[in-house]
Every structure is written in C-alpha cells, then in structure tokens.
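Novice: sequence first, predicted model second:
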Amino acid sequence: MQILSTILVILFALPVNASELRIMVDGIRSQNGTILIGLYDSLSTFNRAIEMSDKEGFLNDPSRFAAVALRANAALKSSVVFTNLNPGQYAIILFHDENGNGKLNKDGLGVPMEPYGFSNNVRGFLGPPAFEKAIMQIGNSEKTVHITLIRHNIARQSSDFPAFDDNNNRR
C-alpha cells in the first residue's frame, strides 16, 4: 500500500507539458448568428477546413483538432480558451456565421460574404492564406491571440446579411 501511495505522489508531482490557448475575436459588428472557431494541427486538416467552410457541418469535421461555436452577443465580444494543449504548431480558422446557416457564405466568385479570420491575422492573396503563414507555436505556457475579422466590401444581395458602413454603423 505504501508503494502505491508513493507511485501516486510521484505521478501527480510530475510536470504537465500542456498549455492554454485563449482566442479573442475582434471586429464583431453584429449580435446575430454564431462565431465558429476551428483549431488545426496539420496542413491537411487546415486545407480540409477551408474546403468545407462553405458547407454545412464545418464544426463536425472529425479531422480537425478542436472546434467551438459561440453565439454572437450584444457586447460584440467573443473569446474561447482551449486547455491541455500539447506543445506544437497550431493554426486557427474562424468566421462569423451571421445568418446562422452553419457555413461561410460566399459569392459566385468564391469571395466570403461573411467576416472571417486566421491566426496571426494573415490574409491570403486571391484565396486563403497558406497554412505555414497561419501557424502559431504553442509552448508550455498560456498564450493569448487576437484575431480581427476580415470583411470584404462587397454589395450584399441578400437581406440575410446586415450591412455596415466604414464606421461600423448598420445601414
């Protein structure tokens, strides 16, 4: 019995190599819909998420590392904390599903009609950014990242999406 107690003390005294990642979403303009956040640990899962972003079930992808859906709120602020992450490389994809249909709506050219963002606040050129640009290194401690939503100034052809001017006022 004393040996078992000693083993348990040693096991609980060992340092845990897990960290915490806090994601803060900036630039929310509407309390409608849901903020969808995905955490990815490989190029293949990151690319798959981009391919699936305009399909219902973005969060149901079993190949992603972690995901969460947060209801947009009147405070226009949103954040989430992922805990017990192993040190390594991760990338974040998020978007504000303003009309609540579970997917990132795009126009006929594939340009997102809803706000979106990536870790490191990277942007792609005529498409999404490369995984390598979105990678963040997570160590053994807490990390906080701020991701500012990207909006394209496109004419909205549907009343499903609230329109805003450059001063964040609803039109």
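Specialist: Now that the structure is in, tell me what you want to look at.
Novice: burial of the residue nearest to P115 when sequence neighbours are not counted, as a residue count?
Specialist: With sequence-adjacent residues excluded and distances taken as Cβ to Cβ, 6 or more residues apart in numbering, P115 is closest to L149, at 3.7 Å. Every residue, glycine included, has its C-beta placed from N, CA and C. Neighbours of L149 under the rule other Cβ atoms under 10 Å: 19.
Novice: for L149, what are phi and psi?
Specialist: Torsion angles at L149 (phi, psi; degrees, to the nearest 10) stand at phi -60, psi 140.
Novice: any idea how far F95 is from it?
Specialist: Counting by Cβ to Cβ, to the nearest Å, the separation of L149 from F95 is 8 Å.
Novice: neighbours of V68, how many?
Specialist: 16.
Novice: and what of the one 3 residues further on?
Specialist: The tally of other residues near R71 (other Cβ under 10 Å) stands at 11.
Novice: okay, it and Y40: tell me how far apart.
Specialist: 23 Å.
Novice: between L149 and F95, what contacts are shared?
Specialist: Residues touching both L149 and F95 by Cβ atoms under 8 Å, 6 or more residues apart in numbering: 115-117.
Novice: could you dump those into CSV and include neighbour count and pLDDT?
Specialist: CSV is the format used below for the shared contacts of L149 and F95 (neighbours: other Cβ atoms under 10 Å; pLDDT from 0 to 100):
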residue, neighbour count, pLDDT
P115, 25, 95
Y116, 21, 95
G117, 26, 96
